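Trainee: Here is my input; please provide its structure:
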Amino acid sequence: MKVAFFVAHFPVLSEPFILNQIVGTIERGHEVDIYSLDGRPQDTSKVHPLVEKYQLIKRTIYAPTRPKNELWRWVKGLTLLLLNFYKNPTVCLQLLDTNRYVSQAKSLKMLYRALPFLEKKSYDIIHCQFSTLGVFGVWFRQLGLIEGKLISTFRGSDISKFLPKWGEKVYQELFTETDYFLANCEFFKNKAVALGCDAHKIHIHGSGIDCNNFFFKERDFPNDGIIRIATTGRLVEKKGIEYVIKAIAQIVKYHPHLEYNIIGDGELKEYFQKLISSLGLNHIVKLLGWKQQKEIIEILNQCHIFVAPSITGKDGNQDAPVNTLKEAMAMGLPVISTQHGGIPELVEDSVSGFLVPERDVDAIANKLSYLITHPELWGKMGKAGRMRVVEKYDMDKLNDELVAIYQQILHSKLTTDHFADKRLISSNS
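Mentor: Residues are numbered from 1 along each chain as shown. As a prediction, this is how the structure comes out:
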């Protein structure tokens with residue numbers, strides 16, 4: 001098969017779930033092109049080793065980067081339009097149709113993203129990795145710029161944050177024109193169906209991790225007495241990290257021998273630095289910045305408890321079962337997370353860890369304190385977490401299923417009932 005992946009930016013360290021699907025498709029013998037529809041990412045100083053191993057940059061087609069400055073955006077956009085007009089004059093004019101494409105034409109997003117397709121591209125499968133990109137996939141196919149079966153995946157922000165801004169009818173055309181949908185958890189599948197997606201055209205397909213990269217280690221109380229806690233994630237509101245910092249400030253009075261490592265970067269870094277200082281936690285809480293997977297594994301290998309305190313953002317943004325939780329659980333760490341989005345589909349409360357209400361500092365503090373004083377639970381919870389991840393989120397199993405989905409879409413009319421009959425839906429769902 002010839003498969004196109006639509007992404008916003010590529011490569012992005014915080015999106016290993018997309019990288020895993022790309023590599024999985026290549027490893028199963030299929031031809032892959034990657035379309036980075038918002039141009040090149042600003043920071044490529046650190047990339048996942050798989051990007052280099054499979055020379056994925058050579059497979060990536062970059063749309064021109066759209067300037068934030070409106071004047072320069074129009075100058076650059078119209079220049080690009082004139083330079084490329086000869087390739088497809090009729091479509092070039094349609095890309096500026098504000099009656100049809102409204103804000104996407106006014107902002108020139110339609111123009112910039114369509115430029116790589118002015119000379120028609122043909123694929124067996126076109127997989128849009130967020131359904132916000134799926135909208136453009138539908139439009140490009142209607143314009144005759146691409147040809148192939150169209151799949152869109154609901155991953156999180158596209159079915160939560162995106163809706164308050166654009167309205168609950170924003171995906172009606174997508175639901176009608178797309179061949180098949182995936183959702184990375186039941187929570188988001190149910191939201192899509194409630195919005196109008198045909199329940200027979202959507203399948204739960206989780207984001208996988210390579211369990212072989214995350215070695216299990218049973219956790220014991222450390223010889224030096226220092227309990228090491230970790231969180232991995234972007235420093236943004238949705239990740240809820242500030243509530244863990246405040247919880248640490250509560251329990252440090254009773255458990256002074258702590259170390260809290262926060263792996264990641266983002267817009268709230270300066271705020272967190274000030275918060276840590278104001279709470280007198282500079283000697284305990286460490287902002288480690290972005291790390292590559294190997295570095296993350298080394299840090300987690302020395303830790304005893306993992307916390308993923310996701311919350312619903314003020315903009316409505318929500319999480320699926322986050323990969324950082326899967327990685328920590330695969331390594332045998334007992335976890336604390338929240339009753340949020342798709343996370344309860346991953347973390348079994350009081351089995352592999354604890355689930356607490358969103359934004360509840362006291363609850364996080366209580367569960368941290370409980371785990372610290374009951375290290376005999378760490379091993380049992382860690383084993384349960386590893387088993388859960390291997391059962392439901394093993395990357396190889398999920399990539400086998402993904403390619404099977406592609407083939408079924410390509411060769412037959414696929415429904416979730418058909419999948420069940422063929423035994424392609426398993427405990428991975």
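
Trainee: For Gly353, list each beta-bridge partner.
Mentor: Val335, Asp349 (DSSP bridges).

Trainee: Verify the stated contact: it with Gly332.
Mentor: No - with contact defined as CB atoms under 8 Å, Gly353 does not reach Gly332; the gap is 11.5 Å. No exception for glycine: its C-beta is placed from N, CA and C like everyone else's.

Trainee: so what sits against both of those two?
Mentor: Residues touching both Gly353 and Gly332 (CB atoms under 8 Å, 6 or more residues apart in numbering): Gly385.

Trainee: Please identify which of these two sits among more neighbours.
Mentor: Higher neighbour count among Gly353 and Gly332: Gly353, with 28 against 24, using other CB atoms under 10 Å.

Trainee: Can you give me the pLDDT of the more buried one?
Mentor: The model reports Gly353 with a pLDDT of 95.

Trainee: which other helices and strands contact the helix or strand hosting Tyr260?
Mentor: Element membership of Tyr260 [criterion: DSSP states H and E] is strand 258-263. Counting by 3 or more CB pairs under 8 Å, 6 or more residues apart in numbering; DSSP states H and E, the packing neighbours recorded for strand 258-263 are strand 227-232, helix 241-251, strand 285-289, helix 293-301.

Trainee: average model confidence for stretch 202-212?
Mentor: Mean predicted confidence for stretch 202-212 is 93.

Trainee: What is the linear distance spanned by it between its boundary residues?
Mentor: One end of stretch 202-212 to the other measures 29 Å (CA to CA, to the nearest Å).

Trainee: Go ahead and measure how far it is from the middle of the chain.
Mentor: Remark: stretch 202-212 is offset 11 Å from the chain centroid, using CA atoms, centre = their mean, to the nearest Å.

Trainee: Same check on stretch 368-375?
Mentor: Using CA atoms, centre = their mean, the offset of stretch 368-375 from its chain centre is 30 Å.

Trainee: can you list contacts of that stretch?
Mentor: 219-221, 227, 229, 247-248, 251, 254-255, 304-305, 307, 334, 336, 354, 377-378.

Trainee: Any chance of a ChimeraX selection covering the buried ones in those residues?
Mentor: A single ChimeraX command is used to select the members of the contacts of stretch 368-375 judged buried by 16 or more other CB atoms under 10 Å:
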select :219,227,229,247,248,251,304,305,307,334,336,354,378
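
Trainee: which residues of the stretch 301-429 of the chain fall in helices?
Mentor: 323-330, 361-373, 378-393, 395-411, 416-421 (DSSP state H, counting those that start in this stretch).

Trainee: Show me the shaky parts of the chain.
Mentor: Along the chain, segments meeting pLDDT under 70 span 44-45, 413-429.

Trainee: on that earlier part again, out of the helices of the stretch 301-429 of the chain, which one sits most buried?
Mentor: Most buried of these by mean neighbour count (mean count of other CB atoms under 10 Å) is helix 323-330; its value is a mean of 27.

Trainee: Which strands or helices does that one pack on?
Mentor: Secondary elements touching helix 323-330 (3+ CB pairs under 8 Å, 6+ apart): strand 227-232, helix 293-301, strand 305-308, strand 335-338, helix 378-393.

Trainee: Mind listing the strands the third one pairs with, and their directions?
Mentor: Spelled out, that is strand 305-308. strand 227-232 (parallel), strand 335-338 (parallel).

Trainee: Centre of the chain to the longest one, how far?
Mentor: Read that as strand 227-232. Going by CA atoms, centre = their mean, where strand 227-232 is centred and where its chain is centred differ by 21 Å.
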